[in-house]
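>>> this one's structure only:
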């Protein structure tokens with residue numbers, strides 16, 4: 001399950017960027033992986049970022065959707081022989097593309113794509 005969720009640092013950065021989508025999981029202030037949803041919330045999630053002591057821990061796919069919806073950033077992951085690399089397209093006149101390093105597994109490319117998206121969003125806010 002870990003490979004489908006963002007890291008603690010990514011979760012904290014997303015909270016600062018205003019990520020407010022409902023999530024099934026969160027971190028508490030002691031770095032404990034946390035989930036305390038009622039039965040009805042198990043299907044919809046909860047915005048843990050509304051609380052001071054918790055940080056929402058979204059699935060990576062939620063983060064990609066959130067960046068696409070809020071920043072118009074798009075990503076794709078390509079496979080070439082036995083390696084993977086990511087490509088992020090930024091909305092501009094020239095449709096600028098940013099590429100990740102080459103990785104040997106899909107999950108590490110996803111994680112690097114999220115790090116790049118966070119960095120780009122932080123720079124845009126400056």
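Sure thing, it's come through. These numbers were taken from a predicted model, which means no experiment stands behind them. Residues are numbered from 1 along each chain as shown.
>>> Give me the neighbour count for residue 71.
15 (other CB atoms under 10 Å). From N, CA and C alone the C-beta is placed, and that goes for glycine too.
>>> For it, give its distance to residue 65.
The gap separating residue 71 from residue 65 is 11 Å, by CB to CB, to the nearest Å.
>>> ditto for residue 122
From residue 122 to residue 65 the distance is 19 Å (CB to CB).
>>> If we go by neighbour counts, what in the longest helix along the chain is buried?
What stands out as the longest helix in the chain, according to DSSP state H, is helix 106-125. For helix 106-125, burial by neighbour count (16 or more other CB atoms under 10 Å) applies to 109-118, 120-121.
>>> next one: stretch 60-71
For stretch 60-71, the buried set under the neighbour-count rule, 16+ other CB under 10 Å, comprises 60, 62-64, 66-67.
>>> What is the least confident helix or strand in this structure?
strand 33-34 (a mean of 64; mean pLDDT, DSSP states H and E).
>>> All set now, cheers.
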